[in-house]
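1. Sharing a sequence plus its predicted fold:
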Amino acid sequence: METINSKLISWASILDAKTLDQALATSTLPFIYPHLALMPDAHLGKGATVGSVIPTLHAIIPAAVGVDIGCGMIAVRTQYSVKDLPRDRKRLREAIERAIPLSAGHNNRTVQATAEPRIAELKRLAAKAGFNPAQYVEKWDLQLGSLGSGNHFIEVSADETDAVWLFLHSGSRGVGNKIAQHHIGVAQQVTRKRGTKLPDPDLAYLDEGTPEFTRYIAELRWAQHFALLNREEMMDRVITQFGHWVGGHVTERERINCHHNFTRLETHYGKSVWVSRKGAIRAEPGDPGLIPGSMGTASYVVEGLGNPSSLNSSPHGAGREYSRTAARKTFSLAELKEAMHGIEFRPSEAFIDEIPAAYKPIDVVMRDAADLVKVRHKLRQLVNVKGN
């Protein structure tokens, strides 16, 4: 841990100048309390740094929550061991790819039976919150149980004992993005009317107690729950396909589902603050958590240590070192195939920007996080599924 100044603390041993400058700018806002915490995976983001924990008094910065509201991870430990698995892993990958819509803009054609109770729950929550998600995306219900693209993934992995885990990463899809973008825009309008000068327009904020703030919180909480149920729906489908592949029932020995783009009201340093974790997970004492590496590298199942300086938080992954554009210019499909040696995946130039070399080394990130979480399991990938 390094104290940059009284308002910024960092756990990142790998930190570029632009990311540091962005975090410094955010930390100067007068309602930051007690300080902004940079996680080991910190990198440049929209307005606020990805991999940062931003506690705010009586205000929230919508861009500091992120545009993929509620994005996070889910993992299930099965009763199976690597030795129990069929040799043809391609068959499983293709079955998962058929069962779950992948890539940006790809949704379910119809509402599947497994999704119906979850969608009914989301409709009740939306009515209680006083809004209609269809105002953002007309057929939002068809997005439940879809993966998306970018760094979202579905994986079959094994831990140090060879126990098999099912692991995936996704968020609130297009409907959550539309909600986020709308409220970032509202915050910018409010800030302009207020005449407040900010170091970045995307740091526009909403004051607690205003109608704009109340509306954002209601829709944010809905989108966070959509993201959580989206992961549950996809995981159930993955379990079904995995069970067909191994030819047996899947017993869940453990299930962990955690956000890393969210906000919630918490008490820190004697005050009630809105803690926005943008690319960070909650890590209170004993909290189970998931920290994936990049495509092809290790992932970690962790337990929170409750470090008060970090606002009881930890990193959410490896963190980018190359932008997507820079990665596509720097690396090749041949290099990606080499990095994915021994892992069943769909080779495609669309995934070059997800090559492990475009990210910080996950083992460095975990070493930096040694006082934030303890490692319960280290996972190695067997099968990787991604959307273009």
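-> Done, it's in. Numbers count the residues shown, from 1 in each chain.
2. Name the nearest residue to Ser170, sequence neighbours excluded.
-> Nearest residue to Ser170 in three dimensions, chain neighbours excluded: His152, at 4.7 Å (C-beta to C-beta, 6 or more residues apart in numbering). Yep, even glycine has a C-beta here, placed from its N, CA and C like the rest.
3. tell me the pLDDT at that neighbour?
-> Note for His152: predicted pLDDT of 95.
4. can you tell me how far it sits from Leu102?
-> For His152, the distance to Leu102 equals 9 Å [C-beta to C-beta, to the nearest Å].
5. burial of the residue lying closest to Asp159 once chain neighbours are set aside, as a residue count?
-> Nearest in space to Asp159, with sequence neighbours left out and distances taken as C-beta to C-beta, 6+ apart, is His377 at 4.2 Å. Number of residues near His377 (other C-beta atoms under 10 Å) recorded here: 19.
6. so His377 is in which element?
-> Assigned by DSSP states H and E, His377 falls within strand 373-385.
7. Ala126: what secondary structure?
-> Recorded secondary structure, Ala126: helix (DSSP: H, G, I helix; E, B strand; the rest coil).
8. Leaving out chain neighbours, which residue sits closest to Phe331?
-> Nearest non-adjacent residue to Phe331 (C-beta to C-beta, 6+ apart): Ile355, at 4.8 Å.
9. Next: Asp363.
-> Ala298 (7.2 Å).
10. what's that neighbour in contact with, if anything?
-> 362-363, 378-380 (C-beta atoms under 8 Å, 6 or more residues apart in numbering).
11. and which of the residues you listed is nearest to Glu232?
-> Nearest to Glu232 out of the contacts of Ala298 is Leu379 (C-beta to C-beta; 19.8 Å).
12. and Asn307, what is it in contact with?
-> Here Asn307 is in contact with 283, 313, 371-372 (C-beta under 8 Å, 6+ apart).
13. picking that back up, okay, and the common contacts of His152 and Leu102?
-> With C-beta under 8 Å, 6+ apart as the test, His152 and Leu102 both reach 386-387.
14. Those two: which is more packed in?
-> A direct count of neighbours by other C-beta under 10 Å for His152 and Leu102 places His152 higher, at 23 against 20.
15. part of a helix, is Ile14?
-> No: remark: Ile14 does not belong to a helix; assigned using three-state DSSP, it is coil.
16. re earlier: how close does the residue nearest to Ser170 get to Leu168?
-> Counting by C-beta to C-beta, the gap from His152 to Leu168 is 8 Å.
17. what do you get for Arg109?
-> Where Leu168 is concerned, Arg109 sits at a distance of 21 Å (C-beta to C-beta).
18. So these two - more neighbours on which side?
-> Leu168 (25 against 7).
19. Isn't the more buried one up against Arg231?
-> Yes: the pair Leu168 and Arg231 passes the contact test of C-beta atoms under 8 Å, sitting 6.4 Å apart.
20. distance of Ala223 from Ile32?
-> With C-beta to C-beta as the criterion, Ala223 and Ile32 are 24 Å apart.
21. Determine which two of the contacts of Asn307 are furthest apart.
-> Maximum distance among the contacts of Asn307 (C-beta to C-beta): 11.7 Å, for Ser313 and Asp371.
22. So the two - more neighbours on which side?
-> Ser313 (30 against 13).
23. Check Ala280 and give its pLDDT.
-> Value listed for Ala280 in the pLDDT field: 97.
24. oh sorry, the question was meant for Asn312
-> Confidence score, pLDDT, at Asn312: 98.
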